[in-house]
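J.: Here is a sequence together with a model predicted from it:
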Amino acid sequence: MGILGGGGFSLPVVSTIEVVQVTIELTETAKSALSASMSGDEETHVLLVSAQSGGCSGFMYDMAIVEEPSESGFQKLDYDGIKIFIHDKDSSMLNGIRIDYKDSLMGGGFQIDNPNASKSCGCGQSFS
């Protein structure tokens, strides 16, 4: 069915992204926790840090240890043999973040402090 028949059509959405050279801070406790999590796979695996749509403030942080991606479009940072990849599309939102690790019974784990966030959720997982 064509446009005249009411079926309509859609055009692809093209958006431009601002790519900035990323710098981040990784605390010593975060380095130790990542090294323990990678269990000797530092040569083949990386920490992939990204911003995903969602959460109560608009975006959520996502961190995953994955096999090193072969495709382009990632900024590659190295911290004493721990490789961190951030996709260019997330560079302006994640530039300047501080990744820390807290070991506590209540609320322990990796924490991200983002100076670019205009607001963040009380849980620390969501920002805008």
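T.: Now that the structure is in, tell me what you want to look at. Numbers count the residues shown, from 1 in each chain.
J.: helices and strands of the chain: which one bottoms out on pLDDT?
T.: Counting by mean pLDDT, DSSP states H and E, the chain has its least confident helix or strand at strand 126-127, which shows a mean of 47.
J.: Quick one: the helices in the protein, in order.
T.: 28-38, 91-94 (DSSP state H).
J.: Point out the most buried one among these.
T.: helix 91-94 (a mean of 19; mean count of other Cβ atoms under 10 Å). C-betas here are computed from N, CA, C, even on glycine.
J.: what's that helix in contact with?
T.: If you take Cβ atoms under 8 Å, 6 or more residues apart in numbering as the criterion, helix 91-94 is touched by 17-22, 24, 49-51, 59, 75, 86, 114, 116.
J.: Around residue 23, how many other residues sit close by?
T.: 11 (other Cβ atoms under 10 Å).
J.: Now do it against residue 67, distance only.
T.: In this view, residue 23 and residue 67 are 25 Å apart by Cβ to Cβ, to the nearest Å.
J.: Over to residue 76?
T.: 14 Å.
J.: do you know how far the spatially most central residue of the chain is from residue 112?
T.: For the chain, the residue sitting closest to the mean C-alpha position, by Cα atoms, centre = their mean, is residue 50 at 1.8 Å. Distance from residue 50 to residue 112, counting by Cβ to Cβ: 11 Å.
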